[in-house]
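Peer 1: When you get a sec, could you give me coordinates for this:
(chains A and B)
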Amino acid sequence: DAGVTQSPTHLIKTRGQQVTLRCSPKSGHDTVSWYQQALGQGPQFIFQYYEEEERQRGNFPDRFSGHQFPNYSSELNVNALLLGDSALYLCASSLGLAGGQQFFGPGTRLTVL
Amino acid sequence: AQSVTQLGSHVSVSEGALVLLRCNYSSSVPPYLFWYVQYPNQGLQLLLKYTSAATLVKGINGFEAEFKKSETSFHLTKPSAHMSDAAEYFCAVSAGGGNKLTFGTGTQLKVEL
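Peer 2: Numbering: from 1, shown residues only, chains lettered A, B, ... in the order given. Predicted structure coming up:
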């Protein structure tokens, strides 16, 4: 049973560029949440997708957008990258919106130069 | 709104000694509380969770935590530290009924011989 997978593992971009990160949820899960973890900090909630719709959103600008596909996988898009966007981006999956256990992927390390 | 405060960004213990990692929470609704562990360059692994059942929660790897409403605390303990416990530990709170997790800033646990 595959857990949560994320791609790519590492990514280097320059300021102003756009980036897309991908996440496949754990088998049987239908809800995907994205978190940003800056160096030395706890993860911060970006948004959550369920039934291909954004259900909750944290305090992140519109440069951060996402998508969920019919197979429940998800993408996180960040436009006009800033140096401060450098972080580990974590994807978590769960079953439904009832506060079930979230399983985290290994993350994508984004470096913005 | 929910928030978590983890007291002590770094904790050092001797192998075989008691581990105590502190977490205080704030929540406007009955909270769901979690402890996660993160090893270097990895995602988050759930240690244990409190979801309004028993106040003493047992988790994996010998860890446990006690929910104390009067103190708004959810401290993590382990009777005897092992070298493999060295990692970063995050306390998180959720309002329940939704998956958004609010994390603390983490506590780096060091285990010395």
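Peer 1: could you pull out the strands for chain A?
Peer 2: Using DSSP state E, the strands of chain A run over A:5-7, A:10-13, A:19-24, A:31-37, A:44-50, A:53-57, A:64-68, A:74-78, A:87-94, A:103-104, A:108-112.
Peer 1: got a list of contacts for the fourth one?
Peer 2: Under the criterion C-beta atoms under 8 Å, 6 or more residues apart in numbering or on different chains, residues A:23, A:25, A:43-50, A:55, A:60, A:66, A:68, A:72-74, A:76, A:87-97, A:102, A:107, B:99-101, B:103 lie in contact with strand A:31-37. Yep, even glycine has a C-beta here, placed from its N, CA and C like the rest.
Peer 1: Quick check: closest non-adjacent residue to residue A:29.
Peer 2: residue A:93 (3.9 Å; C-beta to C-beta, 6 or more residues apart in numbering or on different chains).
Peer 1: is that neighbour in a bridge, and if so with what?
Peer 2: Note on residue A:93: beta-bridge partners residue A:32, residue A:103, judged by DSSP bridges.
Peer 1: I'd like to know how many residues surround residue B:80.
Peer 2: Per other C-beta atoms under 10 Å in any protein chain shown, the neighbour tally for residue B:80 reads 12.
Peer 1: just the one 3 residues further on next, same as before
Peer 2: Other residues near residue B:83 come to 9 when the count uses other C-beta under 10 Å.
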